[in-house]
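> Okay, structure incoming, though there's no sequence with it:
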């Protein structure tokens, strides 16, 4: 079993996973002001809530789009489990061929999702992450990561709408009963939920037009469960995509390191 941590701009996804199953997936608020001790207490509490025996955790892997938190989280993990830690980044083998102008600029979260998506859903593939930002990654039939799109996420758009207008209230993120709203709240919910779903459908159509084939489409992220049911395209939802991708990358690097050692190579 490994401990997997995916640090996002809004939430940190934490979970335990092995070859057989995912034991749990939980989220904690991302806060760069928190200390490693505070995160350690938070993580330890989650592990205890799910009855995870710390001795069964054999390793840990971290991906992050918040660079200042990487070392903080590494120290937090080290306080609760004394295992090898891997951070997704330069020097870490992912097995993903990234066909971009600057492959190093592709977020580790996008890489992790693509790795899991290719294994579980094949290629060609579209991976949608509905988080702080909404990202769309496109993998071609040869399993190459060929690019994608980034635009404001659902909650970011809603927060901006409320902050920048004096008369619009804060609302819960859920679909209204009808597309044409009959009051302000219904109008806002329709615009946010159906608007984002329509945006995804439109972007998918453009991708299909550009690559000439309809790929499998999978979505993950905080808002996937709210938005995806209202898309006209068939979009699969996989809340465990990040954890599965982290497990694949951890295993790939662990196996190759062990193989290198057995051949007498230096592991440093």
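Alright, I've got the coordinates. Note that the structure is a prediction, hence the values are computed from the model and not measured. Numbering: from 1, shown residues only.

> contacts, neighbours, all on C-alpha from now
OK.

> ok, now which ones touch residue 134?
128, 150-154 (Cα atoms under 8 Å, 6 or more residues apart in numbering).

> Tell me the helix or strand right after the helix or strand hosting it.
According to DSSP states H and E, residue 134 maps onto strand 133-139. Next in sequence after strand 133-139, counting helices and strands by DSSP H and E, comes strand 144-152.

> May I see the buried residues of that following strand?
Under the neighbour-count criterion of 16 or more other Cα atoms under 10 Å, strand 144-152 has 144-145, 147-148, 152 buried.

> again with stretch 171-184
Across stretch 171-184, burial judged by 16+ other Cα under 10 Å covers 173-176.

> Among those, which are located in strands?
Using DSSP state E, no member of the buried residues of stretch 171-184 sits in strands.

> Would you mind giving those as a markdown table with distance to residue 252 and pLDDT added?
A markdown table is the format used below for these (distance: Cα to Cα, whole Å; pLDDT from 0 to 100):
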| residue | distance to residue 252 | pLDDT |
| --- | --- | --- |
| 173 | 38 | 83 |
| 174 | 39 | 88 |
| 175 | 41 | 90 |
| 176 | 45 | 90 |
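
> can you list those residues in CSV and add distance to residue 105?
Shown next, in CSV, are the buried residues of stretch 171-184 (distance: Cα to Cα, whole Å):
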residue, distance to residue 105
173, 31
174, 33
175, 35
176, 38
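
> Which of those residues fall within helices?
Using DSSP state H, no member of the buried residues of stretch 171-184 sits in helices.

> These: which two are farthest apart?
173 and 176 (9.5 Å; Cα to Cα).

> list residues touching both of these two?
Shared contacts of residue 173 and residue 176 (Cα under 8 Å, 6+ apart): residue 189.

> Contact partners for residue 90?
Neighbour list for residue 90: residue 104 [criterion: Cα under 8 Å, 6+ apart].

> so it, which of the three states?
Judged by DSSP: H, G, I helix; E, B strand; the rest coil, the three-state class of residue 90 is coil.

> Tell me how many other residues crowd the spatially closest residue to residue 50 that is not a sequence neighbour.
Leaving aside its sequence neighbours, residue 50 sits nearest to residue 24 (Cα to Cα, 6 or more residues apart in numbering; 7.3 Å). If you count neighbours by other Cα atoms under 10 Å, residue 24 ends up with 15.

> what does the model give residue 24 for pLDDT?
pLDDT for residue 24: 95.

> when you give positions from now on, start the count at 33
Will do, 33 is the new start, and the previous item becomes residue 56.

> quick one: it is in a helix?
No - residue state for residue 56 (three-state DSSP) corresponds to strand; a helix is not indicated.
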